[in-house]
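Peer 1: Fold the following.
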Amino acid sequence: MIILRGARRSAAALTAMALVASVGVVSCGGADGGTGDGTFTVGHTEPDHLVPGNTTSSYSFSVLSGLFDNLVGLTKDGKPVMQAAQSVESEDQKVWTIKVKPGQKFHNGEPVTAGSFADAWSNAAYGPNAYEANDYFSQVKGYDELNPEDEGAKPKGDKLSGLKVVDDTTLEVTLNEPFNQFPQLLTYPAYAPMPKAAFQDLKAFENQPIGNGPYRISGKWTRNQPIKLVPFDGYTGPRKARNKGVTWKPYSSADTAYTDLRAGKLDVMQTIPAAKVPEAKRLLGERFLPRKMGTIDYLGFPMFDKRFASADLRKAISMAIDRNGINKAVYNGDYIVADSLLPAIITGHRPNACGQLCTYNPAEAKKLYDKAGGFKGTLELYFSNAQPTYYQWMQIVANSLKQNLGITDIQFRQVPAADYFGMLSRREEKGPYRQNWEADYPSAQNYLQNMWGSTGNKMGWETTKENKEFDALITKGNAAGTEPEALKFYHQAEDLAIREMPQIPLWTWAGQGGRSDRVDNVTITPYASGLLAHEVTVK
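Peer 2: Numbering: from 1, shown residues only. Presented below is the predicted three-dimensional model:
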C-alpha cells in the first residue's frame, strides 16, 4: 500500500528541473528592482503558455508555480507534501483515491473541487486540443480513447474514463497499470486544477490565468512584457506569500540579465551564464546562490546503426572521455561528473554504480576498442547550438577519441536547437549525440523509463532482448508496494543499462544563481517549482 497523507509521507524520489543559461532582457523599461513597495523582480525567459496542461517549459513553470497549487507539492529536499490534497491513497497502485481539502478558492472566488482537477486533466489529455503536456496523462485509463493512433480518427469522447468525481472533495483515479510513482506525477505542473470560467474562454484564460495558488496575476499577460503577480487574499493553502508580490521580467540574453543583477535592476537570477560564474562568485559573495541540480548530460548511440552494435565499443568511448578534465575546462569544476545513470539528488542514486565504465582510463578503453574491432568510417558527433559550452566539450571529446582510441575521422554536426529533438525523434543522427534529462517529477523511474525504456529512448535500443528485460524490471518496480521494493527493481534495470551502455552518463549540472541585497530567504530548488517565490522576503 502506498499512502500520502498530511505533510510528510514520501512514496519515492525527487524531481529535477534545470534552467538553461539563456535567460536575459527583452526591452521592458529600466526601472531598478528597488521599488520600496515590498515586491521583487526575477529575470527569466519568456514562457510559451500559461495554461498548466499546455506547457512543458521550465520558464512557464516558474510563473505557474505561484499561480497554482497542485494536489501534491515538494519540500525543499524533494519530498512529496500535500498542497491542495488532504490525502492520496492506493491499495493496489492502480486505483487511487484523492481527497481534496475543502474550502479552497480560485482567484475568481470559485470553489476548488475534485471536478476542477478532473476537468483540467481531461482538457489537457484530449488529443484535438494538441496540448504540450498531453502525454503526461497517458497513465490514466481512457487516454488512448482521447488520442486515437489512426490519422483522421476521432476521439471516442472528451473525458478521461479513469477519472471519477465521487463528490466535491473526492476524486477516484484509475490508471492503465499499477504505478506507485503517481503521487510524484501529481507534482508536475500540468496536473494543476482549472476553474469552470477557464473553459468558457480558454484564450482569455491564457492571457489572464485564474489559479488557486498563493499569487494571482495583476492585469493581463502581454507577450515579452513583465508578468506581475500579487498575493491572493483568499489563499488558505500552505504557501502564503511573505512579500507583496513578484514580477517576472523576460530576458532574451543571459548576459544582459546578469548585467542588470549586478546593477541592482534585478533581484533574482536563477541561472548565471557559466562564463560569468567566477566573476559572480567574487562580486556577489554571499549573494551568489549555488545549488544542487538534477539535470544530467548523456552521450547516446544510434543503436540502429550496426557500427555501434558492440557494447565494448560503447564502453570504450565512455572510458576514453575525461569527464573531470571537461568539467574543469568548461564548467569551472562546478559540475558533478557522473558515477551513475541518476543524479546524486535522486533517491535511489548509488555512488559509483557505473564504476570503471564511467572512469577515465585510456589504456583500458583502447583494449576494449580493439576487442570490438575498432570503428570504420566517419564518426559524427551531434549537438545543438543552444549553448556554446556544447561545442566546447564536444571538441574535447573528439580530441580524446583521436588520442586515446585512434579515431581520426571525426566530424561535428551542430544542429539548430529548434530542429534538434525532432531530428533525434526521427532517428536521423548517424553518430553519438548529446542529450540531457531534467526530471518531470521526483522519481528514479522518471529518468530510467523515459531515457532507456522502449517507449521513450532515442537510441533505438528497444529492439534488443536486453531492453525487453529492462522494461520488465521497470514494470515490476512500478507495481511494487513500497519504495525499497521499487528501488530494488529500478537498480536491477540500471545495472542492465550500464552493462549495455547504449547511452553513457557524463555529468550533472550545477545551479548557480544570484540575488540583490534587497531580498533574502531566496531558495531555488532543482525541481519544477524552481524559485520558492512565496518565501522571499524584501528588505
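
Peer 1: okay, CA-based contacts and neighbour counts for the rest of this
Peer 2: Noted.

Peer 1: Can you pull out the low-pLDDT segments for this structure?
Peer 2: 1-35 (pLDDT under 70).

Peer 1: For residue 207, grab the count of nearby residues.
Peer 2: 17 (other C-alpha atoms under 10 Å).

Peer 1: if I look at it, how far off is residue 198?
Peer 2: 11 Å (C-alpha to C-alpha, to the nearest Å).

Peer 1: Could you do residue 437 as well?
Peer 2: For residue 437, the distance to residue 198 - C-alpha to C-alpha - is 32 Å.

Peer 1: likewise residue 280?
Peer 2: For residue 280, the distance to residue 198 - C-alpha to C-alpha - is 43 Å.

Peer 1: These two - which one has more neighbours?
Peer 2: Between residue 280 and residue 198, counted using other C-alpha under 10 Å, residue 280 has the larger neighbour count: 22 against 18.

Peer 1: secondary structure element for the more buried one?
Peer 2: helix 277-284 (DSSP states H and E).

Peer 1: residues making contact with that helix?
Peer 2: 272, 288, 332, 512, 514, 515 (C-alpha atoms under 8 Å, 6 or more residues apart in numbering).

Peer 1: Go again with 6 Å.
Peer 2: residue 288 (C-alpha atoms under 6 Å, 6 or more residues apart in numbering).

Peer 1: Next, the buried residues of that helix.
Peer 2: For helix 277-284, burial by neighbour count (16 or more other C-alpha atoms under 10 Å) applies to 277, 280, 281, 284.

Peer 1: between the residues you listed, which is nearest residue 406?
Peer 2: Closest approach to residue 406 among those (C-alpha to C-alpha): residue 277, at 35.1 Å.

Peer 1: quick one: the closest one from residue 512, how far?
Peer 2: Plainly put, residue 277 is 7 Å away from residue 512 if you go by C-alpha to C-alpha.

Peer 1: Check residue 166 too.
Peer 2: Using C-alpha to C-alpha, residue 166 is found at 45 Å from residue 512.

Peer 1: ok, the two, which is more surrounded?
Peer 2: Each of residue 166 and residue 512 had its neighbours counted (other C-alpha under 10 Å), and the higher figure belongs to residue 512 (23 against 13).

Peer 1: Residues in a beta bridge with the more buried one, which ones?
Peer 2: Counting by DSSP bridges, residue 512 forms beta bridges with residue 290.

Peer 1: Could I get the CA-only coordinates of stretch 526-539 as CSV?
Peer 2: Taking Å, rounded to 0.1, in the frame of the first residue of the first chain, the C-alpha atoms of stretch 526-539 are listed here in CSV:
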residue,chain,number,x,y,z
PRO,A,526,16.2,21.8,-8.6
TYR,A,527,12.5,20.8,-9.1
ALA,A,528,9.7,22.0,-11.2
SER,A,529,8.8,24.6,-8.6
GLY,A,530,12.2,26.4,-9.2
LEU,A,531,12.3,29.6,-7.1
LEU,A,532,10.2,29.5,-4.0
ALA,A,533,8.9,33.0,-4.6
HIS,A,534,6.4,32.9,-1.7
GLU,A,535,9.3,32.6,0.8
VAL,A,536,11.3,35.5,-0.4
THR,A,537,11.4,38.5,1.9
VAL,A,538,12.0,42.1,0.8
LYS,A,539,14.1,44.5,2.9
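
Peer 1: That one: how far from the chain's middle?
Peer 2: On the basis of C-alpha atoms, centre = their mean, to the nearest Å, stretch 526-539 sits 17 Å off its chain's mean C-alpha point.

Peer 1: What residues sit buried inside stretch 499-519?
Peer 2: 500-516, 518-519.

Peer 1: Point out the ones among the residues you listed that are inside helices.
Peer 2: Judged by DSSP state H, these include residue 500 as members of helices.

Peer 1: List the contacts of residue 160.
Peer 2: Residue 160 makes contacts with 122, 142, as judged by C-alpha under 6 Å, 6+ apart.

Peer 1: Just to confirm, what's the three-state secondary structure of it?
Peer 2: Assigned by DSSP: H, G, I helix; E, B strand; the rest coil, the conformation of residue 160 is coil.

Peer 1: ok, so what distance separates residue 167 from residue 125?
Peer 2: From residue 167 over to residue 125 (counting by C-alpha to C-alpha), the distance is 22 Å.

Peer 1: Same question for residue 179.
Peer 2: Taken as C-alpha to C-alpha, the span from residue 179 to residue 125 is 18 Å.

Peer 1: More neighbours: those two, which one.
Peer 2: More crowded of residue 179 and residue 125, by other C-alpha under 10 Å: residue 125, with 31 against 23.

Peer 1: Pull the number of nearby residues for the closest residue to that one other than its chain neighbours.
Peer 2: Excluding its sequence neighbours, the residue lying closest to residue 125 (C-alpha to C-alpha, 6 or more residues apart in numbering) is residue 134, at 4.8 Å. The tally of other residues near residue 134 (other C-alpha under 10 Å) stands at 23.
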